[in-house]
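Asker: Please find the sequence and the predicted model below.
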There are 2 protein chains.
Amino acid sequence: MNEKIKIGLVEDQALFRTGIKAILSSWPGFEVVFESADGYSVIEKLKQGAPMPDVMLVDLSLPPNGDIEYTGEQLTVELTRLYPDLRIIILSVHDDENFIARLIESGAHGYLVKDCDPQEVHDAIVAAHTKGSYINERTLRAIQKNMGKKQKPIKTEIEITKREIEILQLTCQQYTADEIADKLFISVKTVNGHRNNLLQKTGSKNVTGLVIYAIKNQIVNLA
Amino acid sequence: MNEKIKIGLVEDQALFRTGIKAILSSWPGFEVVFESADGYSVIEKLKQGAPMPDVMLVDLSLPPNGDIEYTGEQLTVELTRLYPDLRIIILSVHDDENFIARLIESGAHGYLVKDCDPQEVHDAIVAAHTKGSYINERTLRAIQKNMGKKQKPIKTEIEITKREIEILQLTCQQYTADEIADKLFISVKTVNGHRNNLLQKTGSKNVTGLVIYAIKNQIVNLA
DNA sequence: CCAAAAACAGGTATTTATACCTATTCACTA
DNA sequence: TAGTGAATAGGTATAAATACCTGTTTTTGG
C-alpha cells in the first residue's frame, strides 16, 4: 500500500548527486525518478514528459546552462508556479537567515544546509511529502526574524533590486562604472547611484565589500 | 588474494561524506576505514591508533576545529611527512591550475574536482593505491605549466609573497591602502606597491579582481 | 487610480585607486 | 661574493570610486 516517494535531484556536482542518490536509494520507500545538473534543463525535461517527482531536492548553487543563468531561487519560483503540487527542498551551503527566509518566501517547502545529517534529509523528504513542508528550528528562526522585519516599518532588511543585481554582477566582473554605463546604455551617474545604494544596503565600505556580499549571497558565480 | 583497499575520508559536510561513503561501499574491493570532519582531528585520531587507510580522500575546504585552522593543504603536508606510505587524493571545488599544482607540490598524489564523475574517483583510488598516484589530464597540464614556469627565468608564474598575502587579506576586509599602511606600520606607497604587484601577478584590473582571486585561491575565508 | 518604489540623470567635491617610474635595504643563495 | 628577489619608500599623474545633494520618469502594487 505504501507507494514509494518519488524524488527529483537538481545538483550540478555529479559526485554529490551520485552520493545523495546512493543514500536515498539505500532507504526503502524512496525512489529517485528525476535528475538534473542545472536549473534550466529541469523545466525543459519536465515539460517534455520527464517523470514528475513528489519531492524535488534543489541545490542552490546552480551553474548557468550556456548563456542562461538560472539560480536555485529562480528555479524554485518557477517550479512552484508551474507545479503547485511539487514539494521543493533546498540544499545549500549557506546558513544565512535572510537567505533562508528568502528561499522559503520564494516557495520552497524546506531548507537544509549541506552539512546536515543524512537522517535529516530523510525526515525532510517524508515531512514535505506527507505534511507539505519541513521547517526545522533553524528555518523557523529565520522565518520568524524575517517576518518581524517585514512587519516593522523600519527598513532593516536588505532587499536588492534587479537592476542593482545587474550592476553588482558587472562590478564583480571588474568592469568600471563607465564600462557598465556603456554596456547598459545608461548614464554613469545612474550606475554610481545604484552602487551607492548597494553600499548602503549591504553595509559595505567599498567595492570589496560588495564583491564579498555578492559571493556570499550567490549573486555571482565563482566559476 | 585481493585485499580491499582501505579508504579514509576527510570531509566536513556530513551529507557529502555519507554520500561518498555510500558510493565507495557500493564498489567491491573498497572499504572505508576512517572518517573525519576536520583536518586537525585526523592526525589526532591516527596517532591514537585509528585504522590507517591506504588512500585518504581529503576535502580542501576544511573548517577550523575550535581555534585551530587546519587547511587541506596543511593536512596534506603533515600527512605525507608522518605517513609516507599513505596516498592522498584531494577533493576540491577549485579548478585553478596554480591551485592544483600547489597541492601536488605539497605532496598530494591526486587531485579531483568535486563535480567529477564517480567513476573517476574509483579510478583515482585504484591508481593511487597500485601505481602510487593518479594524475589526470587536467592535473598534468597544471603541473606542466607550473614546472615550465619554474624552469624559465621569465616571470610568468604567479607566486605571491607573504607580505602580498597580508595586504590582500586586509584589502578583502575593506581596508583602504591608508588603513593598511597604518595597521602594518609601513608607508602607503609600499602598500600601493604591493597592490600593484598583486594586480599584475593575478592579472586583475582592480580590487574586484583581487578579491575574487583571493577567494578562489582560498587566501581569504568567506566565513 | 494613486502612492511608493525603482530606475533614471545631473552636479560638486573629496577620497581612493591605479599607472609608471626610480631607488634603497635586507636576506638568501648559487 | 655577486646576484636575486622581497620589502621598503618616494614622486607624478590620471582614473575611478565615494559622499552628498537634487530632481524626473517609469514601473509596480494596493
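Answerer: Done, it's in.
Asker: do the helix or strand where residue A:212 lies and chain B meet at all?
Answerer: Under the criterion of DSSP states H and E, residue A:212 resides in helix A:207-216. Yes - applying C-beta under 8 Å from any C-beta of the partner chain, one finds helix A:207-216 in contact with chain B at A:207-209, A:211-212, A:215-216. The C-beta positions use only the backbone N, C-alpha and C, and glycine is treated the same way.
Asker: my guess is residue A:83 meets residue A:50, correct?
Answerer: No - Residue A:83 is not in contact with residue A:50 according to C-beta atoms under 8 Å; the separation is 11.7 Å.
Asker: Output the helix holding residue A:212 as PDB, restricted to C-alpha atoms.
Answerer: Extracted in PDB, the C-alpha atoms of helix A:207-216 (Å, rounded to 0.1, in the frame of the first residue of the first chain):
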ATOM      1  CA  VAL A 207      33.500  47.500  -3.900                       C
ATOM      2  CA  THR A 208      35.500  45.000  -1.900                       C
ATOM      3  CA  GLY A 209      32.600  44.600   0.500                       C
ATOM      4  CA  LEU A 210      30.200  44.400  -2.500                       C
ATOM      5  CA  VAL A 211      32.100  41.600  -4.100                       C
ATOM      6  CA  ILE A 212      32.200  39.600  -0.800                       C
ATOM      7  CA  TYR A 213      28.500  40.200  -0.400                       C
ATOM      8  CA  ALA A 214      27.700  39.100  -3.900                       C
ATOM      9  CA  ILE A 215      29.700  35.900  -3.500                       C
ATOM     10  CA  LYS A 216      28.200  35.100  -0.100                       C
END
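Asker: where does that helix sit relative to the chain's centre, distance-wise?
Answerer: Helix A:207-216 has its C-alpha centroid displaced from the chain centroid by 18 Å (C-alpha atoms, centre = their mean, to the nearest Å).
Asker: Pretty sure residue A:15 sits against residue B:124.
Answerer: No - using C-beta under 8 Å, residue A:15 is not in contact with residue B:124, being 11.3 Å away.
Asker: And these two? Which one has more around it.
Answerer: The neighbour comparison of residue A:15 against residue B:124 (other C-beta atoms under 10 Å in any protein chain shown) goes to residue B:124, with 26 against 22.
Asker: Next one: that one from chain A, what distance?
Answerer: Per C-beta to the nearest C-beta, to the nearest Å, residue B:124 is found 11 Å from chain A.
Asker: What is the neighbour count of the closest residue to that residue other than its chain neighbours?
Answerer: Closest residue to residue B:124 apart from its sequence neighbours, by C-beta to C-beta, 6 or more residues apart in numbering or on different chains: residue B:134 at 4.0 Å. Applying other C-beta under 10 Å, we find 24 residues neighbouring residue B:134.
Asker: List phi and psi for residue B:134.
Answerer: Residue B:134 adopts backbone torsions of phi -130, psi 110, taken as degrees, to the nearest 10.
Asker: for residue A:48, same thing?
Answerer: Dihedral angles of residue A:48 (phi, psi; degrees, to the nearest 10) stand at phi -90, psi 20.
Asker: how many other residues sit next to it?
Answerer: 8.
Asker: Residue A:127 now?
Answerer: Neighbours around residue A:127, by other C-beta under 10 Å: 19.
Asker: Can you say which helix or strand has it in it?
Answerer: Under the criterion of DSSP H and E, residue A:127 resides in helix A:118-130.
Asker: Repeat that for residue A:32.
Answerer: Counting by DSSP H and E, residue A:32 is found in strand A:30-36.
Asker: Now the element after that strand, going C-ward?
Answerer: With DSSP H and E, the next secondary element past strand A:30-36 is helix A:39-47.
Asker: do that next one and chain B meet at all?
Answerer: No - if you take C-beta under 8 Å from any C-beta as the test, helix A:39-47 misses chain B, and the best it gets is 15.2 Å.
Asker: Let me know the angle separating the helix or strand following that helix from helix A:39-47.
Answerer: Counting by DSSP H and E, the next helix or strand C-terminal to helix A:39-47 is strand A:55-59. Strand A:55-59 and helix A:39-47 are oriented at 160 degrees to each other (axes from the mean of the first three to the mean of the last three C-alpha atoms, to 10 degrees).
Asker: Strand A:55-59 pairs with which strands?
Answerer: According to DSSP bridges, strand A:55-59 forms sheet pairs with strand A:5-10 (parallel), strand A:87-92 (parallel).
Asker: Name the surrounding residues that touch the last one.
Answerer: When you say that, I think you mean strand A:87-92. Residues outside strand A:87-92 that contact it (C-beta atoms under 8 Å, 6 or more residues apart in numbering or on different chains) are A:11, A:54-61, A:72, A:76, A:79-80, A:99, A:103, A:107-114, A:124-125, A:128-129, A:132-134, B:15.
Asker: run the last query once more with 6 Å
Answerer: Here strand A:87-92 makes contact (C-beta atoms under 6 Å, 6 or more residues apart in numbering or on different chains) with A:55-60, A:76, A:79, A:103, A:108-112, A:114, A:124, A:128.
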